[in-house]
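Next input, structure requested:
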Amino acid sequence: MVYTHSKCKVLFGILVLSIILFLAMAWPRSSDHTISWKHNQPGLIQINAHLNTSKTKKKQSYGLNPDKNRSNATANARTQQGVTKQGTSTKFKRKAVVIFSAMRTGSTFFGEFFNRNPEIYYLFEPLHGLSEMNMANTRKLLLGDLLRCDYRIAPKIYSHGCGGWINCKSNICFAARSQFLLRNSKLCSDTSNKCNEYFDPRKLAKICLQSSYTAIKIVRMNSLGEFEELMTEPNIDLKVIQLVRDPRAVVLSQLKMEHSSNLTEYAENLCTFYHENFLYTKACIMSMYNKSNHENKAYKCNDTVKHLWKGRFLRLSHEYVSEQPVDALRTVEKFVGINHNSEVETWLRKNTHQSTKVIKLNKAGMPQNFFGTSRDSKQVLTKWRKQDFAVIDGIQNVCRSAMTELGYIAINTDAQLGNLSLSTYNFEKLLILPNNFRT
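Residues are numbered from 1 along each chain as shown. So this is what the prediction gives:
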């Protein structure tokens, strides 16, 4: 009896221990962070991260918190793209390219190189409305999210930056310039600047992830240096294309667009932008391409920054794109790493030989296709040379340094201005390609 009683106690103990272990393993584990999507109105969301840790939140402009709180809010989206919680890529990096330029440089037309490619999810000016100087960090925050197809915080940024996500939604479909959305959704089914329904960030993210690449055109970032942080992102394979254009043509076009006569101000702003980015390029990018052995006192880049840019920067000129559009297309395709698309080439050939003899004006007295993508590209190149020499010389006096740095040649007389056989740019200086890059 004693033996049997002891045996029962041992069996009972084993049974109790087994039940405890089973309950411990089966009990649901609470997550440190949970995400909920709440719609206050169509197209707007809130991200609620419930933390079991410290409630202290690092402040960011416009009420955003891109710290631990925000990072976990995007953790699920990044994991779906093959990124672990530690930030290391498990499957792939999101391939992305940014067109970096100033206003009126031909970037709208150049953006069609990407917009017309069915592999690419293209966004036209998503930073519109965020151009104030004190919004630099916000612009980088939004740009990084959009490049990785993460739209969770975009509505909140837009709501503070430009009067609301609803008012800014036309940036996504602006003049029906997101062909990928047109092909793969009904969000931009009309051809106006308005969309037929409010945007749901989750829908945009899902559509974006169906593509192989993200391409974004921006004219509202000031320095190539602003891309350094994005270059270090473990889940973005980013490349940057800087598009430049003759300052004489750009300034005249900007003045016309803004109905302004302040030539000196516009020329100073543009050519300071060109000069500063030239200095950065020379110190931090061209040195990796063995094109600059001179020390640059304005920018001192360490080896880490230089290696970030290796093979990830291309500078093209509007003049090259206009004179040799198909060659420029193949250069871009090779740089980005996309297959040649015959449909894009067909569109390109068709839309670079448009007659400009009949120009229809809108109510504001501007050409109806002022922001269009169809041009007789070679005629556009020389249009600025119809201006008076005094006006052109005024721009040159302000921009002489930037023009020389980029490879643009000054006009010295009225006779030279009218001689269209006289070239005003140097292709060799304008074009910057990675080492061993051949078209």
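
got the CA positions of stretch 413-428 in PDB?
Taking C-alpha atoms only, stretch 413-428 is exported to PDB below (Å, rounded to 0.1, in the frame of the first residue of the first chain):
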ATOM      1  CA  THR A 413      27.400  89.000 -78.400                       C
ATOM      2  CA  ASP A 414      24.000  89.400 -80.000                       C
ATOM      3  CA  ALA A 415      25.300  87.700 -83.100                       C
ATOM      4  CA  GLN A 416      26.400  84.600 -81.200                       C
ATOM      5  CA  LEU A 417      22.900  84.500 -79.600                       C
ATOM      6  CA  GLY A 418      21.300  84.300 -83.000                       C
ATOM      7  CA  ASN A 419      23.700  81.800 -84.400                       C
ATOM      8  CA  LEU A 420      21.900  78.600 -83.600                       C
ATOM      9  CA  SER A 421      24.700  76.500 -85.100                       C
ATOM     10  CA  LEU A 422      26.900  77.700 -82.200                       C
ATOM     11  CA  SER A 423      26.700  75.200 -79.300                       C
ATOM     12  CA  THR A 424      26.100  76.400 -75.800                       C
ATOM     13  CA  TYR A 425      26.900  73.300 -73.800                       C
ATOM     14  CA  ASN A 426      29.500  70.600 -73.400                       C
ATOM     15  CA  PHE A 427      28.100  67.100 -73.200                       C
ATOM     16  CA  GLU A 428      31.300  65.700 -71.700                       C
END
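
ok, and what's touching it?
Asp246, Ser317, Glu319, Tyr320, Thr382, Arg385, Phe389, Ile392, Gly407, Tyr408, Ile409, Ile411 (Cβ atoms under 8 Å, 6 or more residues apart in numbering). Using the backbone N, CA and C atoms, a C-beta is placed for each residue, glycine as well.

run the last query once more with 10 Å
With Cβ atoms under 10 Å, 6 or more residues apart in numbering as the test, stretch 413-428 has contacts from 244-246, 248-249, 317-320, 323-324, 381-382, 384-390, 392-393, 403-404, 406-411.

Which of the residues in that stretch are classified as buried?
Of all the residues in stretch 413-428, those buried under the rule 16 or more other Cβ atoms under 10 Å are Leu417, Thr424, Tyr425.

Mind pulling the model confidence for the last one?
We note a pLDDT of 93 for Tyr425 in this prediction.

any idea how far it lies from Thr264?
Counting by Cβ to Cβ, to the nearest Å, the gap from Tyr425 to Thr264 is 23 Å.

Please apply the same query to the second one.
Computed with Cβ to Cβ, the distance linking Thr424 and Thr264 is 21 Å.

Nearest residue to Asn115 in space, please, no chain neighbours.
Tyr122 (4.2 Å; Cβ to Cβ, 6 or more residues apart in numbering).

Can you spell out which helices and strands pack onto the helix or strand harbouring that neighbour?
Element membership for Tyr122, per DSSP states H and E: strand 120-124. Under the contact criterion of 3 or more Cβ pairs under 10 Å, 6 or more residues apart in numbering; DSSP states H and E, strand 120-124 touches strand 94-100, helix 107-115, helix 136-147, helix 170-173, helix 179-184, helix 201-208, strand 213-218.

so the second one versus strand 94-100, what angle?
Helix 107-115 and strand 94-100 meet at an angle of 160 degrees, taking axes from the mean of the first three to the mean of the last three Cα atoms, to 10 degrees as the criterion.

By residue count, tell me the biggest strand in this protein.
Under DSSP state E, the strand in the chain containing the largest number of residues is strand 236-244.

send the alpha carbons of that one over as CSV?
Extracted C-alpha coordinates of strand 236-244, given in CSV (Å, rounded to 0.1, in the frame of the first residue of the first chain):
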residue,chain,number,x,y,z
ILE,A,236,15.9,50.5,-50.0
ASP,A,237,18.2,50.1,-53.0
LEU,A,238,18.2,53.7,-54.0
LYS,A,239,19.7,55.4,-57.0
VAL,A,240,19.6,59.2,-57.7
ILE,A,241,19.5,60.9,-61.1
GLN,A,242,20.2,64.6,-61.1
LEU,A,243,18.7,66.4,-64.1
VAL,A,244,20.2,69.8,-65.0
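
Extract the residue ranges of the stretch 101-250 of the chain that are flagged as low pLDDT.
133, 161-171, 174-176, 189-198 (pLDDT under 70).

one more time with 80
Residue ranges of the stretch 101-250 of the chain with pLDDT under 80: 128-134, 158-177, 186-200.

Identify the residues contacting Ala205.
Contacts of Ala205 (Cβ under 10 Å, 6+ apart): Ala77, Gln80, Asp145, Leu146, Arg148, Cys149, Asp150, Tyr151, Arg152, Ala154.

thinking the last one is in contact with Phe199, fair?
This points to Ala154. Yes - contact criterion Cβ atoms under 10 Å: Ala154 and Phe199 qualify, at 8.9 Å.
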